[in-house]
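Undergrad: this one's sequence-less:
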């Protein structure tokens with residue numbers, strides 16, 4: 001009797017679990033099919049490369065998350081990659097990749113960076129995957145010759161390959177082109193250090209508007225957000241957030257553009273605001289913004305705060321803010337260059353006069369005349385070579401003395 005009862009309980013539990021799992025899978029499949037159908041229908045009616053804003057229904061569905069199995073196809077459609085591909089010949093990518101293969105052999109920096117791009121990820125550890133990254137990056141460089149090479153592009157390409165699959169190399173290239181040329185044309189991924197400086201200035205202004213108490217804490221601790229949050233923008237959260245959370249942010253970027261990056265960044269600041277307000281040292285700020293952000297697995301909470309609790313963040317406002325910060329940065333760079341010219345030319349002239357004991361030394365006169373000028377014709381000498389090297393280097397490398 002006990003044996004029969006146990007058998008009956010086991011069978012009841014087994015079939016209950018079986019039908020529960022079956023119903024869950026059926027519901028999940030129906031949801032995926034419905035979401036895919038709606039998204040594809042919205043994509044057909046909305047042109048991703050046009051200036052018209054995306055439909056509200058489409059934005060709402062994407063914010064809820066694109067299923068993993070649908071993400072490759074929908075990223076390809078929603079980013080505008082499919083439409084962009086139709087504007088070029090069928091063999092366009094193959095020809096670019098073949099040209100890039102020749103030029104990439106003379107780029108040792110790219111060869112070194114390949115092994116530093118998600119090197120521990122199984123999908124990217126093979127020689128085939130590394131060569132796919134190389135081909136896509138060099139093809140993108142051939143398509144956009146004005147864009148200087150940056151390791152940040154490697155991370156974007158690698159993340160696309162992980163999500164869309166290494167077998168879809170050409171689709172990844174067109175998604176990269178649509179993303180960086182149309183969705184994020186002025187981002188730090190493309191613009192390099194100058195673009196990162198602009199975006200970081202924009203983020204500082206937004207943090208000051210949305211979280212003024214945090215700015216007081218950062219000023220008191222003499223802590224700069226630029227060194228802690230720079231990779232959020234330059235690598236589009238690929239190395240800062242968990243993979244699925246970063247993919248959820250990218251879902252929205254494909255439809256809504258660069259403002260999503262700022263919403264996600266402000267959301268991370270808001271989620272960690274209580275801990276940041278209680279910090280007593282800049283090292284604690286660094287730990288919070290790196291360790292906690294790397295463990296942000298609540299993608300739904302991140303996006304909910306970003307879109308519901310941050311407030312208004314319109315594209316036009318961000319565009320005007322970008323223009324203002326670009327102008328301010330240009331003024332500061334010009335002022336730094338002028339100051340460098342004054343310091344280096346004056347010091348070089350003084351050293352030349354002291355070494356010769358003559359005030360009418362030709363080198364001293366030449367260096368004195370170069371003060372405040374852009375030096376169109378190089379003057380041979382240590383001071384001029386140093387001046388040229390410093391002026392051509394990024395502003396963040398000039399050091400504290402300047």
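TA: Noted; the coordinates are in hand. Keep in mind that this is a model prediction, so the values were computed, not measured.

Undergrad: quick one: contacts for residue 64?
TA: Listed by Cβ atoms under 8 Å, 6 or more residues apart in numbering, the contact set of residue 64 is empty. Every residue, glycine included, has its C-beta placed from N, CA and C.

Undergrad: for residue 93, same thing?
TA: Going by Cβ under 8 Å, 6+ apart, residue 93 touches 139, 170, 173-174.

Undergrad: can you tell me which helix or strand it belongs to?
TA: According to DSSP states H and E, residue 93 maps onto helix 92-104.

Undergrad: run through who's touching stretch 304-312.
TA: Contacting residues not belonging to stretch 304-312 are listed as 63, 210, 260, 263-264, 266-267, 270-271 [Cβ under 8 Å, 6+ apart].

Undergrad: same list, these, but as JSON lines with secondary structure, distance to residue 108 and neighbour count please.
TA: Below are the contacts of stretch 304-312 laid out as JSON lines (DSSP: H, G, I helix; E, B strand; the rest coil; distance: Cβ to Cβ, whole Å; neighbours: other Cβ atoms under 10 Å):
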{"residue": "63", "secondary structure": "helix", "distance to residue 108": "42", "neighbour count": "19"}
{"residue": "210", "secondary structure": "helix", "distance to residue 108": "43", "neighbour count": "17"}
{"residue": "260", "secondary structure": "helix", "distance to residue 108": "35", "neighbour count": "25"}
{"residue": "263", "secondary structure": "helix", "distance to residue 108": "38", "neighbour count": "23"}
{"residue": "264", "secondary structure": "helix", "distance to residue 108": "34", "neighbour count": "30"}
{"residue": "266", "secondary structure": "helix", "distance to residue 108": "39", "neighbour count": "22"}
{"residue": "267", "secondary structure": "helix", "distance to residue 108": "39", "neighbour count": "22"}
{"residue": "270", "secondary structure": "helix", "distance to residue 108": "42", "neighbour count": "19"}
{"residue": "271", "secondary structure": "helix", "distance to residue 108": "41", "neighbour count": "19"}
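
Undergrad: give me the pLDDT for residue 66.
TA: At residue 66, the pLDDT value in this model is 92.

Undergrad: cool, residue 341 as well?
TA: For residue 341, the predicted pLDDT is 81.

Undergrad: now the helix or strand harbouring it, how far from the centre of its chain.
TA: Assessed by DSSP H and E, residue 341 sits inside helix 315-356. Distance of helix 315-356 from its chain centroid, counting by Cα atoms, centre = their mean, to the nearest Å, is 27 Å.

Undergrad: what separation is there between residue 262 and residue 203?
TA: Taking Cβ to Cβ, to the nearest Å as the measure, residue 262 falls 7 Å from residue 203.

Undergrad: follow-up on the earlier one: out of the contacts of stretch 304-312, show me where the pLDDT dips lowest.
TA: pLDDT across those is lowest for residue 210, at 89.

Undergrad: correct me if wrong: that one contacts residue 265.
TA: No. Using Cβ atoms under 8 Å, residue 210 is not in contact with residue 265, being 10.5 Å away.

Undergrad: any low-confidence regions in the stretch 101-250 of the chain?
TA: Applying pLDDT under 70 to the stretch 101-250 of the chain flags the ranges 101-106, 186-188, 190-193.

Undergrad: can you map out the helices along it?
TA: Along the stretch 101-250 of the chain, counting by DSSP state H, counting those that start in this stretch, helices occupy 108-114, 127-143, 151-164, 169-178, 188-191, 193-210, 212-221, 226-234, 243-256.
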